[in-house]
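Asks: here are the coordinates; sequence isn't available:
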């Protein structure tokens with residue numbers, strides 16, 4: 001756990017770095033976002049027509065992409081982003097996983113896409129999520145990789161060391177052990193997640209050059225808290241940092257040191273949470 005004393009709550013995900021980007025930027029990057037979502041769907045590797053429950057569905061973009069590919073989807077989201085997901089016509093309830101009453105054996109897959117790192121009691125969360133699985137179904141989690149090259153380069157200035165929102169950070173081996181403790185037979189999937197991995201490396205490199213953290217991302221989200229000096233440095237260095245990320249992250253992915261870990265787990269009849 002990153003900081004047991006750090007405050008947690010829904011307010012951490014309302015505005016600031018978690019605010020939607022400006023509409024003009026949002027429209028401009030929509031083609032890139034659709035391409036990224038295509039890679040997310042491929043990473044999940046779901047069977048055709050699978051019934052999917054996403055934990056922490058945000059504004060529903062991933063669920064929408066899955067629905068377009070013929071999956072039967074639903075989700076839960078504790079923040080106000082649940083309203084934006086419902087505006088897309090999606091079945092997303094505003095609740096936490098701990099409070100959610102999941103229908104037993106009702107879905108083929110439970111997805112936690114960059115969500116598990118936000119949960120202070122991850123073993124209990126995985127065990128609770130697994131209740132919803134049908135026979136042969138799986139829980140799939142994607143999280144930042146504490147053993148990644150970008151984490152080593154960034155140290156305490158790693159983009160994904162986002163305390164207090166990120167309550168727990170994982171290595172690949174640690175995430176597999178967590179799945180096993182939750183009664184899930186873990187399978188690690190080697191996967192390069194372009195948008196998450198490239199953003200993480202780019203902003204981490206920029207963090208090494210600025211006095212403040214995540215200045216480029218803050219400027220994008222209009223979150224404030226930056227100085228003019230840091231804004232200028234970020235503007236000057238963002239292109240070389242992005243080029244470096246494009247060169248390095250695919251190589252890191254080839255040896256399992258990219259910015260994301262993907263692990264799936266199947267609940268077995270003879271496995272119970274520890």
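Replies: Received the coordinates, thanks. Predicted, not measured: the structure shown is a model, and the values here were computed from it. Numbers count the residues shown, from 1 in each chain.

Asks: when you work out contacts or count neighbours from here on, use the C-alpha atoms and nothing else.
Replies: Fine.

Asks: what segments of the chain are strands?
Replies: Ranges of strands in the chain, per DSSP state E, are 51-55, 72-76, 92-93, 107-113, 133-144, 184-189, 260-267.

Asks: export those strands to TSV and tack on mean pLDDT and mean neighbour count?
Replies: Output for the strands of the chain, formatted as TSV (pLDDT from 0 to 100; neighbours: other Cα atoms under 10 Å):
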stretch	mean pLDDT	mean neighbour count
strand 51-55	98	25
strand 72-76	97	21
strand 92-93	96	24
strand 107-113	97	23
strand 133-144	94	23
strand 184-189	90	19
strand 260-267	93	24
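
Asks: how about those strands, which one is nearest residue 215?
Replies: strand 133-144 (19.6 Å; Cα to Cα).

Asks: hmm, who's touching that closest one?
Replies: Defining contact as Cα atoms under 8 Å, 6 or more residues apart in numbering, one finds that strand 133-144 is touched by 44, 104-117, 126, 129-130, 160, 169-170, 259-267.

Asks: each with direction, which strands does it pair with?
Replies: Strand pairing for strand 133-144, using DSSP bridges, gives strand 107-113 (parallel), strand 260-267 (antiparallel).

Asks: so what touches the last one?
Replies: Okay, so that is strand 260-267. 130, 133, 135-145, 148, 171-172, 175-176, 179, 183-193, 196-197.

Asks: what about stretch 197-214, distance to the chain center?
Replies: Averaging C-alpha positions (Cα atoms, centre = their mean, to the nearest Å) puts stretch 197-214 18 Å from its chain's average.

Asks: where in this structure is pLDDT low?
Replies: Scanning the chain for pLDDT under 70 picks out 1-22, 25-26, 28-29, 268-274.

Asks: re earlier: mind putting the strands paired with strand 133-144 in TSV, distance to residue 240 included?
Replies: Formatted as TSV, the strands paired with strand 133-144 follow (distance: least, Cα to Cα, whole Å):
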stretch	distance to residue 240
strand 107-113	28
strand 260-267	22
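
Asks: ok, which of the ones you listed comes nearest residue 58?
Replies: Among the strands paired with strand 133-144, strand 107-113 sits nearest to residue 58 (Cα to Cα), with 9.8 Å.

Asks: so who does the nearest residue to residue 231 once chain neighbours are set aside touch?
Replies: Among residues not flanking residue 231 along the chain, residue 215 sits closest, at 6.6 Å (Cα to Cα, 6 or more residues apart in numbering). With contact taken as Cα under 8 Å, 6+ apart, residue 215 is in contact with 207, 226, 230-231, 234.

Asks: all helices for the stretch 51-200 of the chain, in order.
Replies: 61-68, 81-87, 122-130, 149-154, 172-181, 194-207 (DSSP state H, counting those that start in this stretch).

Asks: any idea which of those helices gets closest to residue 249?
Replies: helix 194-207 (6.7 Å).

Asks: quick one, the closest one and strand 260-267 angle?
Replies: Angle of helix 194-207 versus strand 260-267, following axes from the mean of the first three to the mean of the last three Cα atoms, to 10 degrees, is 140 degrees.

Asks: how about residue 99, phi and psi?
Replies: When read as degrees, to the nearest 10, the backbone of residue 99 gives phi -90, psi -10.

Asks: how many neighbours does it have?
Replies: Number of residues near residue 99 (other Cα atoms under 10 Å) recorded here: 8.

Asks: same question for the one 3 residues further on.
Replies: Here the number of neighbours of residue 102 (other Cα under 10 Å) works out to 17.

Asks: how close does residue 142 sit to residue 44?
Replies: 9 Å (Cα to Cα, to the nearest Å).

Asks: surely residue 84 meets residue 59?
Replies: Yes. Between residue 84 and residue 59 there is a contact under Cα atoms under 8 Å: 5.2 Å.

Asks: and those two? Which one has more around it.
Replies: Each of residue 84 and residue 59 has its neighbours counted (other Cα under 10 Å); residue 59 has more, 22 against 15.
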